[in-house]
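K.L.:
Any chance you could fold what I've pasted below:
(one chain, ligands or ions: 3)
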Amino acid sequence: MLSVSEAEATIFNLVSSLDNQQDTEIVDLFAADSRILASAVTSQLDFPYWDNSAMDGYAVRYADVQQATQQQPVILEIVEEIPAGYQPQSVIESGQAARIFTGAVLPAGADTVVMQENTQRQENCVLILTAPQKPREFVRQRATYYQAGTQLLPPGIMLNGAEIAVLATAQCTQVSVYRRPRVAIFSTGNELVPPEKPLQPGQIVDSNQYALAALVRQNGAEPLMLGIIPDEPPALEKAIAYAVSNADIVISSGGVSVGDYDYVEQIIESLKGKIHIQAVAIKPGKPLTVATFRNQVIYFGLPGNPASALVTFWRFVQPTIKKVSGLADGWQPKFIKALTRQELRSDGKRETYFWGKLHLQNGIYEFQLAGGSQSSGNLINLAQTNALAVMSVGQTLISSEEEVQVLLY
Ligand SMILES: Nc1nc2c(c(=O)[nH]1)N[C@H]1C(S)=C(S)[C@@H](COP(=O)(O)OP(=O)(O)OC[C@H]3O[C@@H](n4cnc5c(N)ncnc54)[C@H](O)[C@@H]3O)O[C@H]1N2
Ligand code: MOO
Ligand SMILES: [Mg+2]
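P.N.:
Ligands and ions are numbered 1, 2, ... in the order given. Model (predicted):
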């Protein structure tokens, strides 16, 4: 049985990002949020586009006003008024100034802006009462934030509000992003029925497929729903064959343990899939199957128990989807240190994951264990959780108020 870190390393080595040439699409900037940029963006525009004023005030020549004081103000003639969005018409000569407003283009000849609080207006003239601290004060100089022709944004980043603002500024209204990874999802089990069907004795609702579809979508991928597959080899073979030829990632749940009706591994082998992982020392989630097919598709056979399916999704599948989606960095699972509010106990045999809620309390992260049973068959208390506290193999007790590693999901 592999350790969790061995399993993780195996999985992350098996997968690579979608192709930055073939697996891309062009999207409009308004539809680009949360998408992953596929190629570097370069703009032909400098930013700022031109020298402009950072203040409402007067555009002056520094040499004219560097000695100005309250007692000995410098008097300048106002030759032009320059609101934002207007192209200045005059060249500021020595002894002259232009009235200027924030964001307006600095006129030729001027090199400095004096904020209006340090001036006094006298009809057609302005008195400069305080010398600027330095030449170019309150001038936002062309190209100081970004120089045309250099890289504006690198590939492999997620486009959120800030990146979209940058692209808009650079007039990139269409961007090349990775297509969403396609993730085939199906459930296995003769006992499973969809939630809208009345239950017959012995039947249970297929909650995993709903959970996995939501999680796949939340991670920016596109779920391909294949339904409930009975525990019958021909039906499973058909479903797996279809899934691996129509998706980048396949997730099934159930049928991976040692029971007489657990056929998933056998079918993967008959379809010439290569099984890399059969079991992991993780609780819940031990009978995790990971395989690849010749066309590079990765197959996750998650255990059927609802908590096992979700814990193994968060621990192994979520980072895989993010890596495949083209994210260059930050796809790895995120662990933080927290203090546990409750005592945590395990038999120490497998790396054990406890679900609960991470809170930030007076600047300190605290882990609140979900109340009720932490059994792999319980899914009710998974609601409203956001984190898993981790106990290593060999560890049997973490007392309350002690430090624990927590995986955020
Ligand atoms: N003799 C052994 N038995 C089991 C072992 C073992 O090592 N030796 N491992 C146990 C562990 S741990 C787990 S986890 C489960 C995993 O079982 P499978 O992946 O084969 O899943 P199933 O047997 O098909 O189902 C298990 C359980 O989960 C329910 N289930 C299945 N699919 C869904 C679904 N889509 N939505 C909701 N619930 C689902 C199913 O009804 C069963 O109750 O094996 C243990 N056994
Ligand atoms: O690993 Mo199983 O998921 O403990 O019930
Ligand atoms: Mg089973």
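K.L.:
What residues does the stretch 251-400 of the chain have near ligand 3?
P.N.:
Residues of the stretch 251-400 of the chain found near ligand 3 (C-beta under 5 Å from the ion) are 257, 259, 262. Glycine gets a C-beta too; all of them are placed from N, C-alpha and C.
K.L.:
residue ranges with poor pLDDT in the stretch 101-250 of the chain?
P.N.:
The model of the stretch 101-250 of the chain has no residue with pLDDT under 70.
K.L.:
okay but Pro181 is in contact with Val324, surely?
P.N.:
Yes - shown here, Pro181 and Val324 form a contact pair, counting by C-beta atoms under 8 Å, at 4.7 Å.
K.L.:
Any chance you could list residues touching both of those two?
P.N.:
Listed contacts common to Pro181 and Val324 are 18, 221, 248-249; contacts here mean C-beta atoms under 8 Å, 6 or more residues apart in numbering.
K.L.:
which among the residues you listed gets closest to ligand 2?
P.N.:
Closest to ligand 2 out of the shared contacts of Pro181 and Val324 is Ile249 (20.7 Å), distances taken as C-beta to the nearest ligand atom.
K.L.:
can you count the residues close to His62?
P.N.:
For residue 62 the amino acid is Tyr, not His. 17 (other C-beta atoms under 10 Å).
K.L.:
Also Val393?
P.N.:
Around Val393 there are 15 other residues, counting by other C-beta under 10 Å.
K.L.:
who's in contact with it?
P.N.:
3, 281, 348-351.
K.L.:
Ramachandran coordinates for it?
P.N.:
Dihedral angles of Val393 (phi, psi; degrees, to the nearest 10) stand at phi -60, psi 140.
K.L.:
Report the spatially closest residue to Phe354, excluding sequence-adjacent ones.
P.N.:
Distances taken as C-beta to C-beta, 6 or more residues apart in numbering place Ala389 nearest to Phe354, at 4.5 Å, with adjacent residues excluded.
K.L.:
How about whichever residue of the stretch 1-150 of the chain sits closest to ligand 3: what's its closest non-neighbour residue?
P.N.:
Using C-beta to the ion, the closest approach of the stretch 1-150 of the chain to ligand 3 is made by Met1 at 17.0 Å. Distances taken as C-beta to C-beta, 6+ apart place Ala279 nearest to Met1, at 4.6 Å, with adjacent residues excluded.
K.L.:
was I right about that neighbour contacting Ser3?
P.N.:
No - Ala279 is beyond contact range of Ser3, at 10.9 Å (criterion: C-beta under 8 Å).
K.L.:
residues in contact with the residue nearest to Ile249 when sequence neighbours are not counted?
P.N.:
Nearest residue to Ile249 in three dimensions, chain neighbours excluded: Val183, at 4.6 Å (C-beta to C-beta, 6+ apart). Residues near Val183 by C-beta under 8 Å, 6+ apart: 216, 221-224, 247-251, 321.
K.L.:
No further questions, thank you.
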